[in-house]
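Undergrad: requesting a structural model of the entry that follows:
(2 chains)
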There are 2 protein chains.
Amino acid sequence: MTAPPTVVIVGGGFGGLNAARALRRAPVTVILLDRNNYHLFQPLLYQVATAGLEPEEIARPVRAILRRQKNFDFRLVEVRGVDFAQRRLDTSAGPIAYDYLVLSHGSETNYFGLESMRQHGLGLKDIPDAVHIRNHVLTCFEQAMLEPDPEQRRARLTFIVVGGGPTGVEMAGALSELIRLVLVKDYPRLNIKDVRILLLEATDKILAALPERLREAAVTTLWRKWIEVRFNAVVADYDGERVRLKSGEVIPARTVIWAAGVQAAELNRRLGLEARAGRQGRIPIEPTLQLPGHPEVYMIGDAAYLEENAGGAGGAGGAPLPMVAPVAIQMGKHAALNIRNAVRGQPLVPFRYRDQGTLATIGRNAAVCNVYGVQARGFLAWVMWLGIHIVQLIGFRNKLFVLLNWAWDYFFYERAARLITRD
Amino acid sequence: MTAPPTVVIVGGGFGGLNAARALRRAPVTVILLDRNNYHLFQPLLYQVATAGLEPEEIARPVRAILRRQKNFDFRLVEVRGVDFAQRRLDTSAGPIAYDYLVLSHGSETNYFGLESMRQHGLGLKDIPDAVHIRNHVLTCFEQAMLEPDPEQRRARLTFIVVGGGPTGVEMAGALSELIRLVLVKDYPRLNIKDVRILLLEATDKILAALPERLREAAVTTLWRKWIEVRFNAVVADYDGERVRLKSGEVIPARTVIWAAGVQAAELNRRLGLEARAGRQGRIPIEPTLQLPGHPEVYMIGDAAYLEENAGGAGGAGGAPLPMVAPVAIQMGKHAALNIRNAVRGQPLVPFRYRDQGTLATIGRNAAVCNVYGVQARGFLAWVMWLGIHIVQLIGFRNKLFVLLNWAWDYFFYERAARLITRD
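TA: Residues are numbered from 1 along each chain as shown, chains lettered A, B, ... in the order given. The predicted structure follows:
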């Protein structure tokens, strides 16, 4: 009897985790590699950044999630490169050989070459990012209380969110509620008129994936929460004190949260893979999710480029698949399916994305959604948003604690995690 | 009408917080200064270090705690010095004037001049310390899984706790349960025989404040949890890889948690105050809690030195008051009482400490306690420990979440917070 083939998965995000799970009964050994020991539920990261949830509630150790899977092992390592010819990864803990490889290393914040923003802006991709935003926002309030100069004080109380996608919209809404419902109680000497929250969108629409009626509803809801929604506002520069827009407008602000976009993780470059311009650093893959020229290597999620119903490698298909969790989840399961087929010597199946829709919450009782063809807004959409997120969270304990936190905050207008933690 | 006198309190620990609260109806303005924006319930810090609780559950923002107190204000600043003559503090946000001053800046880890331990050992005094220990311990397990050399692997799985006081005992017990009840499930390839936990005590007894019968029970309980309790074991040196004892014994270990003692915070020196040797850097105070020569300055908690039923300033009293939370709490309330008396022109009252006893938990169903004259051990003591800690935790939300976490871990043999977070 020969040893079962080894499937190495790089990255424990939505793609990698689902690939590992879907291989639980396959006659293979699964090894998942990640720099972090946990899987992060990124869609709720903005709530950690706005002191609503604790990091531990939206993350779970990979080992705990897959504890019962007999053919699974985890290794906390950093991947440095790959030797496709020798089927071997180069990692911080030495070489790791594979028979099949699943590359699901995801994405990072895309600053579109704006070096000043990379330096002074606040990204939101991982737990340290979120905790950093939380610490920064709360520190701005503390410093504003100590600031005698009114202009300086207002700059500390001006919060700019860049990017009108779901992350930016949810971030702005949560920030407004944190300040206007909770922090006003903590800071009785605060003049709320000194506070500004801006949402800057480079195009002329926010939540572009939604139909117009819902987009307009979202703008109205944001505006009612005292958020200045600005269209066609393109950031040109930020020195940590002032944002300069392409229009020449200058806004003094000590906080700029950059939610304008993502690009494939830098590992793509280190693996020696080449992306084409305009694809956020993503590598074109076959409709079977294989890396062209490397049938034993699968690439999924934000790192990969595929067009809807594509005929060939990044070929003449429809629109590019978006860099979102549902794509990664479905690709993870599909890569596992094709690996099972390959092991059994059966033909591989091309990937087809089932779009489940979009939804975004803007705060208490307010959301917009377009899910499985159902369009909703307001309270109904908000309840749907709650339900869908609770169901998707991994682990009953996390579900319970998140739900309890939400209930508490909802009824008492509170936020649990208002600590400024020093490193 | 003249402005009410200003009481400035330095430090939001048990002493400062209780002083502020006890002044809520006094005709004074209270300003509390702290480097952190939260009050920390230190007695449960070891549970954060052993992944049982999340930092947010044992800390609460000072502003949230005292939100309803009209005469209260908080400032997030670092105190750098004091001008007693001008009644003015020098802080990171400029000078702050006071009419009355309460110094309650607490203590820090005491390495007894052991420079190598300060560098390589792990202290446990604040949230970053606790999170660092958690990350370190979990990383040791991940690295042990990757380590081919058996001696190196065992060194990564050897955990030494130094100090047989309540902190060291509770830390060792919680660490043993984390490893033997929870991590064994996460690491099915772990050989539990590679794991060692040692508790090193420099004298010949642990939990010295307890009667002998309970001390012996504690040793037995620790031993049954596979903890090597070592008496008269004095650490001479630690280079990060090997602990050397005074006896010449050398123990390879990548983790040394230093719970051997505390000393008054370094601020004592910066304030120009002088301590005598053998008093852990504490400053002698009057029985009224005033700083000798400065009747408008009160000093309380771990920073201050007072003897039981003292007749004069650090004078011919009984044993020195211990550096523990109950002393700080009672002193905080008492300083507030004396300030109220001083404002009204009434005589000040000397402080008398009411000793409530000692208790320490060693894990599931196991504790020892000697509280209000009641001696107990085992399950009963453990239930008392639970009840007393839940009652003392500030805030109903924290109580609820800690209780839920404990219940979950108790029934499911789990730990919520097993994340390795990077800075």
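
Undergrad: check whether stretch A:12-32 comes near chain B.
TA: No: counting by C-beta under 8 Å from any C-beta of the partner chain, chain B is not contacted by stretch A:12-32; separation bottoms out at 11.3 Å. (C-beta placed from N, C-alpha, C; glycine too.)

Undergrad: just the terminal-to-terminal distance for that stretch.
TA: 7 Å (C-alpha to C-alpha, to the nearest Å).

Undergrad: in it, which residues are buried?
TA: By neighbour count on 16 or more other C-beta atoms under 10 Å in any protein chain shown, the buried set for stretch A:12-32 is A:12-23, A:26, A:28-32.

Undergrad: which of these fall in strands?
TA: Residues of the buried residues of stretch A:12-32 located in strands (DSSP state E): A:Thr29, A:Val30, A:Ile31, A:Leu32.

Undergrad: can you give me phi and psi for A:Gly121?
TA: Main-chain dihedrals, A:Gly121, degrees, to the nearest 10: phi -80, psi 160.

Undergrad: so the residue of the stretch 251-400 of chain A found nearest chain B is in which element?
TA: Proximity to chain B, evaluated over the stretch 251-400 of chain A using C-beta to the nearest C-beta, is greatest for A:Arg397 at 6.1 Å. Per DSSP states H and E: A:Arg397 is located in helix A:396-412.

Undergrad: is A:Glu228 in a helix, a strand, or coil?
TA: strand (DSSP: H, G, I helix; E, B strand; the rest coil).

Undergrad: quick one: the closest residue to it other than its chain neighbours from A:His132, how far?
TA: Excluding the flanking residues, the one nearest A:Glu228 by C-beta to C-beta, 6 or more residues apart in numbering or on different chains is A:Leu198, at 4.6 Å. According to C-beta to C-beta, to the nearest Å, A:Leu198 and A:His132 sit 20 Å apart.

Undergrad: try A:Asp90
TA: Taken as C-beta to C-beta, the span from A:Asp90 to A:His132 is 30 Å.

Undergrad: is stretch A:113-131 anywhere near chain B?
TA: Yes: legend: contact between stretch A:113-131 and chain B by C-beta under 8 Å from any C-beta is shown at A:Ile127, A:Pro128, A:Val131.

Undergrad: okay, now the last one: neighbour count?
TA: It stands for A:Val131. 22 (other C-beta atoms under 10 Å in any protein chain shown).

Undergrad: surely it and A:Ile420 touch.
TA: No: counting by C-beta atoms under 8 Å, A:Val131 does not reach A:Ile420; the two are 9.8 Å apart.

Undergrad: ok, back up a step: more neighbours, A:Asp90 and A:His132?
TA: Counted by other C-beta under 10 Å, A:Asp90 and A:His132 do not tie: A:His132 has more neighbours, with 18 against 15.

Undergrad: hmm, that one is touching A:Leu122, no?
TA: Yes: with contact defined as C-beta under 8 Å, A:His132 counts as touching A:Leu122 (6.5 Å).

Undergrad: follow-up on the earlier one: quick check: which helices or strands does the helix holding A:Arg397 pack against?
TA: When contacts are defined as 3 or more C-beta pairs under 8 Å, 6 or more residues apart in numbering or on different chains; DSSP states H and E, helix A:396-412 packs onto helix A:378-392, helix B:396-412.

Undergrad: for that helix, the averaged confidence score.
TA: Averaged across helix A:396-412, the pLDDT comes to 88.

Undergrad: give me the angle between it and helix A:378-392.
TA: Computed by axes from the mean of the first three to the mean of the last three C-alpha atoms, to 10 degrees, the angle separating helix A:396-412 from helix A:378-392 equals 160 degrees.

Undergrad: using PDB, write out every CA atom in helix A:396-412.
TA: Output of helix A:396-412 as PDB, limited to C-alpha atoms (Å, rounded to 0.1, in the frame of the first residue of the first chain):
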ATOM      1  CA  PHE A 396     -21.600  27.700  18.200                       C
ATOM      2  CA  ARG A 397     -19.700  29.600  20.900                       C
ATOM      3  CA  ASN A 398     -18.800  32.400  18.500                       C
ATOM      4  CA  LYS A 399     -22.400  32.600  17.300                       C
ATOM      5  CA  LEU A 400     -23.700  32.800  20.900                       C
ATOM      6  CA  PHE A 401     -21.200  35.500  22.100                       C
ATOM      7  CA  VAL A 402     -21.700  37.600  19.000                       C
ATOM      8  CA  LEU A 403     -25.500  37.400  19.300                       C
ATOM      9  CA  LEU A 404     -25.300  38.300  23.000                       C
ATOM     10  CA  ASN A 405     -23.100  41.200  22.200                       C
ATOM     11  CA  TRP A 406     -25.300  42.500  19.500                       C
ATOM     12  CA  ALA A 407     -28.400  42.100  21.700                       C
ATOM     13  CA  TRP A 408     -26.800  44.000  24.500                       C
ATOM     14  CA  ASP A 409     -25.600  46.800  22.200                       C
ATOM     15  CA  TYR A 410     -28.900  47.000  20.600                       C
ATOM     16  CA  PHE A 411     -30.900  47.400  23.700                       C
ATOM     17  CA  PHE A 412     -28.400  49.400  25.800                       C
END
